[in-house]
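1. generate a structure from the sequence data that follows.
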Amino acid sequence: MSLDTVGGDHMEKIEQASNQRFFKAFNEAVSGHVGRPFFDSLVEFMAKELNVASVFVGELDKDGQLIHSVSCFLNG
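-> Reported below is the predicted structural model:
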């Protein structure tokens, strides 16, 4: 077994653990919310998790020409 294989296996385990932590935190952030509160908690979680100043969620109209804002998080 090469060092690359051992390192790759270790990195894969770290990535899996990171993904598990992300989805656990995501579930805790949005669990129990429906409708507008769900989207509000979603955009706040995403902004903090991605370390960005703003996140917007919108709904594209049936013609595909306009986006109607559903929720946003700005400079939280």
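2. every contact and neighbour count from this point should use C-alpha atoms.
-> OK.
3. the residue nearest the centre of the chain: what secondary structure?
-> Nearest to the geometric centre of the chain sits residue 46, at 4.4 Å (Cα atoms, centre = their mean). Recorded secondary structure, residue 46: helix (DSSP: H, G, I helix; E, B strand; the rest coil).
4. quick check: it vs residue 63, distance?
-> As defined by Cα to Cα, to the nearest Å, residue 46 lies at a distance of 28 Å from residue 63.
5. give me the number of residues near the closest residue to the residue nearest to the centre of the chain other than its chain neighbours?
-> Distances taken as Cα to Cα, 6 or more residues apart in numbering put residue 55 closest to residue 46, at 7.1 Å, once the chain neighbours are dropped. When counting by other Cα atoms under 10 Å, one arrives at 18 neighbours for residue 55.
6. which residues of this structure score low on pLDDT?
-> The chain contains residues with pLDDT under 70 at 1-8, 76.
7. could you pull out the helices for the chain?
-> In the chain, the helices defined using DSSP state H lie at 3-30, 36-50.
8. okay, those helices, which one's buried deepest?
-> Ranked by average neighbour count under the criterion mean count of other Cα atoms under 10 Å, the helices of the chain are headed by helix 36-50 at a mean of 17.
9. just the CA atoms of that helix, as PDB, please.
-> Below are the C-alpha coordinates for helix 36-50, written out as PDB (Å, rounded to 0.1, in the frame of the first residue of the first chain):
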ATOM      1  CA  ARG A  36     -41.200  31.200   5.500                       C
ATOM      2  CA  PRO A  37     -39.400  30.300   8.800                       C
ATOM      3  CA  PHE A  38     -37.800  27.300   7.100                       C
ATOM      4  CA  PHE A  39     -36.300  29.500   4.300                       C
ATOM      5  CA  ASP A  40     -35.300  32.200   6.900                       C
ATOM      6  CA  SER A  41     -33.400  29.600   8.900                       C
ATOM      7  CA  LEU A  42     -31.900  28.100   5.700                       C
ATOM      8  CA  VAL A  43     -30.400  31.300   4.400                       C
ATOM      9  CA  GLU A  44     -29.000  32.300   7.800                       C
ATOM     10  CA  PHE A  45     -27.400  28.800   8.200                       C
ATOM     11  CA  MET A  46     -25.900  29.000   4.700                       C
ATOM     12  CA  ALA A  47     -24.500  32.500   5.100                       C
ATOM     13  CA  LYS A  48     -22.800  31.500   8.400                       C
ATOM     14  CA  GLU A  49     -21.600  28.100   7.200                       C
ATOM     15  CA  LEU A  50     -20.200  29.600   3.900                       C
END
